[in-house]
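Visitor: sequence plus the predicted model coming up.
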Amino acid sequence: MSTIDWNWIQSKPYQLFIDGIFRAGPEGGLFDIINPATNRTIATACDGTRADIDLAVAAARDAFDNGPWPRLTGKERGRYLGRVAALLDAQREKFAFLEAVDVGKTVARTLDYALPQAIDGFEYYAAKARNLGGEIRPAPEGRFFNYRVWEPMGVVGEILPWNGPLMMACHKVAAILAAGNTVIIKPSEHGSLSNLELAKLFAEADFPPGVVNVVAGQNRELGARLVEHPEVDMVSLTGGTETGKKVLRQAANTVKKVALELGGKNPNIIFADADIDEAVQWAIYGAFADQGQICVSGSRLLLHESIYEQFLESLIDKVSRLKIGDTMDDTTDIGPVITRAHEKKILDYIALGRQEGARIVLGGHKVLDPPLDQGNYIEPTIFIEATPAMGIAQDEIFGPVVTVLRFKTDEEAIQIANDVSYGLAAGIWTRDIDRALRTAGHMRAGQIYLNSYFSPAMLDSPTEGHKHSGIGGTGIHKYMQEKSVFVRLG
Ligand code: NAD
């Protein structure tokens, strides 16, 4: 990877993609795209404004109301999506590089996970477009029947976070398009690069103008404008819970359909009868993959008291051997966190944990060895002697920090696991199938992993966050409206 000349990304600013045309914003401003491993500018992009959002919405509106896209058959739409999958497949290395220099993911992990998942998103929804489902019900007296169909929402604003920009954009946009909608993608101000590059694939795949638009920019007002815009039928946000609350308020005036996929503070429960070696490996992956910057990260580790010491010893030993470093190096485990500001937030939480009386048994510092000191690198950090009420056990830190809690009984584990405002995911480790299913049943969370942590993104089995982790459904039907038709038979 390092032998390839990647200077092309600096050669000219990335442009907005509106109505099928790559263009600069009317005011011509640029913003810097910064590599979190060095805090140096690696590319520039046109800095979108509210006026650009308005242009993109007008284009998407026209494409939906008057263009061919929603009127194509599912099979025809699927062909377009298939072309994007093939184009992406041919450029895996380029996209893995972009995710590394833009958001600090390791190239190896992106090639191994996010890219195959991203390609699969287009392939899956290409097939799904042909079979969007429906339902027929006979009425009680037999003189009526009723059918239920799913139709596109219309113009969808898709607001994305920085922590998985490529995979998330691909999964969501493929579903939006398969359903027959048109879309304005609003990437995160800290993770635009792969989304801007993706726009080129939609152009190359010859999508009708206005079907896909990408408006990046550093101003968080861009997202707010999409939510408030009267011509946008639906807004889907993946982001933090506080942003989600704002979006709900902003959407009120237009009674807009809203779907929110928000934060998490997910428990990973290890019962006494678990396979400890396996559980330790997966707990490390769950807590520290992508520097803990994953919504479903297992950032709270609940250990049964009888295996507590054994588990902890193995955990510390293995985490201490994780390699922190260059995201281009295949042997790196831990890359940088996204920005200096986010690094500070994580370090503030580490300081808070100390003040609250928890004890750090590993890590706890910014990495100060050159050249990593130039980037936003934080040591993988393990807190013990924490209590469930502490800030480090309640708040989403979204960094390489795991808080270990101890429990005595199954009931106590369930109580601690559910005692946060979030409800996104949970891991459960036990060899007892009754205990596994009983505990899964008690979890107030949308995604449960039994004897694993994480699963391949199952597009067939999407999940909605519970409590403050989300609302509004998942999968393709999230982007569709139901209609029920009652037919009187002659
Ligand atoms: P964020 O909430 O700061 O930003 C998300 C997006 O919202 C960005 O594009 C931002 O510009 C935009 N935005 C900000 N203010 C807005 C407003 N008032 N109106 C409309 N849009 C606005 O989140 P982030 O820091 O980019 O991402 C990390 C968060 O995302 C974490 O909390 C993580 O758990 C969550 N996340 C959730 C899931 C999930 O599936 N549940 C997946 C990935 C990330």
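Guide: Good, I have the coordinates. Numbers count the residues shown, from 1 in each chain.
Visitor: any idea which helix or strand carries residue 125?
Guide: helix 115-128 (DSSP states H and E).
Visitor: give the rounded mean pLDDT of that helix.
Guide: In this model, helix 115-128 carries a mean pLDDT of 97.
Visitor: against which helices or strands is the helix or strand that that helix is followed by packed?
Guide: Of the helices and strands lying after helix 115-128 in sequence (DSSP H and E), the nearest is strand 134-138. Judged by 3 or more CB pairs under 8 Å, 6 or more residues apart in numbering; DSSP states H and E, strand 134-138 is in contact with strand 144-152. C-beta coordinates here come from the backbone N, C-alpha and C atoms, glycine included.
Visitor: related to what we said a few turns ago, next, the buried residues of the helix holding residue 125.
Guide: Of the residues in helix 115-128, 115-126, 128 count as buried by neighbour count, 16 or more other CB atoms under 10 Å.
Visitor: go on, stretch 41-48?
Guide: Under the neighbour-count criterion of 16+ other CB under 10 Å, stretch 41-48 has 42, 43, 45, 46, 47, 48 buried.
Visitor: flag every residue of the stretch 351-490 of the chain that's near the ligand.
Guide: By CB under 6 Å from any ligand atom, the residues of the stretch 351-490 of the chain that approach the ligand are 396, 398, 424, 465, 469, 470.
Visitor: do the same with the stretch 51-200 of the chain
Guide: Checking the stretch 51-200 of the chain against the ligand by CB under 6 Å from any ligand atom, the hits are 159, 160, 161, 162, 163, 164, 186, 188, 189.
Visitor: which residues does the residue in the stretch 201-350 of the chain that the ligand sits nearest to contact?
Guide: Going by CB to the nearest ligand atom, the ligand is nearest to residue 223 of the stretch 201-350 of the chain, at 2.2 Å. Shown in contact with residue 223 (CB atoms under 8 Å, 6 or more residues apart in numbering): 157, 159, 186, 237, 243, 247.
Visitor: at 10 Å instead, please
Guide: Residue 223 is in contact with 53, 157, 159-160, 186-189, 215, 217, 235, 237, 239, 243, 246-247, 250, counting by CB atoms under 10 Å, 6 or more residues apart in numbering.
Visitor: equivalent analysis for residue 309, please.
Guide: So residue 309 contacts residue 303 (CB under 10 Å, 6+ apart).
Visitor: before we move on, which element is it in?
Guide: helix 308-320.
Visitor: just give me how far that helix sits from the chain centre.
Guide: Distance of helix 308-320 from the chain centroid (CA atoms, centre = their mean, to the nearest Å) equals 29 Å.
Visitor: could you do stretch 350-358 as well?
Guide: 28 Å.
Visitor: pLDDT averaged over that stretch - what is it?
Guide: 98.
Visitor: separate out the buried members of the contacts of residue 223.
Guide: Buried by 16+ other CB under 10 Å: 53, 157, 159-160, 186-189, 215, 217, 235, 237, 239, 243, 246-247, 250, out of those.
Visitor: hmm, which two among the buried residues of stretch 41-48 are most spread apart?
Guide: 42 and 48 (19.0 Å; CB to CB).
Visitor: quick one, which of the residues of the stretch 51-200 of the chain next to the ligand has the minimum pLDDT?
Guide: Minimum confidence in those sits at residue 164, scoring 94.
Visitor: could you find the closest non-adjacent residue to it?
Guide: Excluding the flanking residues, the one nearest residue 164 by CB to CB, 6 or more residues apart in numbering is residue 114, at 6.4 Å.
Visitor: can you check residue 287 too?
Guide: That would be residue 402: by CB to CB, 6+ apart, it lies 4.1 Å from residue 287.
Visitor: need the three-state assignment for the one you found.
Guide: For residue 402, the assignment made with DSSP: H, G, I helix; E, B strand; the rest coil gives strand.
Visitor: the one 4 residues further on too?
Guide: When states are read from three-state DSSP, the local structure at residue 406 comes out as strand.
Visitor: domains in this protein, by residue range?
Guide: 7-262+470-484, 267-458 (automatic domain parsing).
Visitor: got CSV for those domains, with distance to residue 490 too?
Guide: As requested, these are exported to CSV (distance: least, CB to CB, whole Å):
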stretch, distance to residue 490
domain 7-262+470-484, 9
domain 267-458, 45
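Visitor: which of the residues of the stretch 351-490 of the chain next to the ligand tops the neighbour count?
Guide: Of all those, residue 469 has the most neighbours under the rule other CB atoms under 10 Å, reaching 30 neighbours.
Visitor: contact partners for residue 239?
Guide: Residue 239 neighbours (CB under 10 Å, 6+ apart): 159-163, 188, 223, 246-247, 260-263, 295.
Visitor: tell me which two of those sit farthest apart.
Guide: Farthest apart among the contacts of residue 239 - using CB to CB - are 163 and 246, which lie 18.7 Å from each other.
Visitor: format the CA atom coordinates belonging to the following helix or strand past the helix holding residue 309 as PDB.
Guide: Counting by DSSP H and E, the element after helix 308-320 in chain order, helix or strand, is helix 340-356. In PDB, the C-alpha atoms belonging to helix 340-356 read as follows (Å, rounded to 0.1, in the frame of the first residue of the first chain):
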ATOM      1  CA  ARG A 340      -8.000  16.400  18.700                       C
ATOM      2  CA  ALA A 341     -11.300  17.500  20.200                       C
ATOM      3  CA  HIS A 342     -12.500  13.900  20.500                       C
ATOM      4  CA  GLU A 343      -9.200  12.800  21.900                       C
ATOM      5  CA  LYS A 344      -9.600  15.400  24.600                       C
ATOM      6  CA  LYS A 345     -13.100  14.200  25.400                       C
ATOM      7  CA  ILE A 346     -11.800  10.700  25.900                       C
ATOM      8  CA  LEU A 347      -8.900  11.800  28.000                       C
ATOM      9  CA  ASP A 348     -11.400  13.900  30.100                       C
ATOM     10  CA  TYR A 349     -13.400  10.700  30.700                       C
ATOM     11  CA  ILE A 350     -10.300   8.900  31.700                       C
ATOM     12  CA  ALA A 351      -9.600  11.700  34.200                       C
ATOM     13  CA  LEU A 352     -13.300  11.500  35.400                       C
ATOM     14  CA  GLY A 353     -13.000   7.800  36.000                       C
ATOM     15  CA  ARG A 354      -9.900   8.300  38.200                       C
ATOM     16  CA  GLN A 355     -11.800  11.100  40.100                       C
ATOM     17  CA  GLU A 356     -14.800   8.800  40.600                       C
END
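Visitor: can you list the strands that the helix or strand following helix 340-356 pairs with?
Guide: With elements assigned by DSSP H and E, the helix or strand that comes after helix 340-356 is strand 359-362. According to DSSP bridges, strand 359-362 forms sheet pairs with strand 381-384 (antiparallel).
Visitor: got the contacts of residue 239 as a markdown table, with distance to residue 432 and secondary structure columns?
Guide: Output for the contacts of residue 239, formatted as a markdown table (distance: CB to CB, whole Å; DSSP: H, G, I helix; E, B strand; the rest coil):
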| residue | distance to residue 432 | secondary structure |
| --- | --- | --- |
| 159 | 42 | strand |
| 160 | 40 | coil |
| 161 | 37 | coil |
| 162 | 40 | coil |
| 163 | 34 | coil |
| 188 | 42 | strand |
| 223 | 46 | helix |
| 246 | 43 | helix |
| 247 | 42 | helix |
| 260 | 35 | strand |
| 261 | 32 | strand |
| 262 | 32 | coil |
| 263 | 31 | coil |
| 295 | 29 | coil |
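Visitor: what is the helix or strand bottoming out on mean pLDDT in the chain packed up against?
Guide: Within the chain, confidence by mean pLDDT, DSSP states H and E is lowest for helix 8-11 among all helices and strands, at a mean of 76. Contacts defined by 3 or more CB pairs under 10 Å, 6 or more residues apart in numbering; DSSP states H and E place helix 8-11 against strand 40-46, helix 92-103, helix 193-204.
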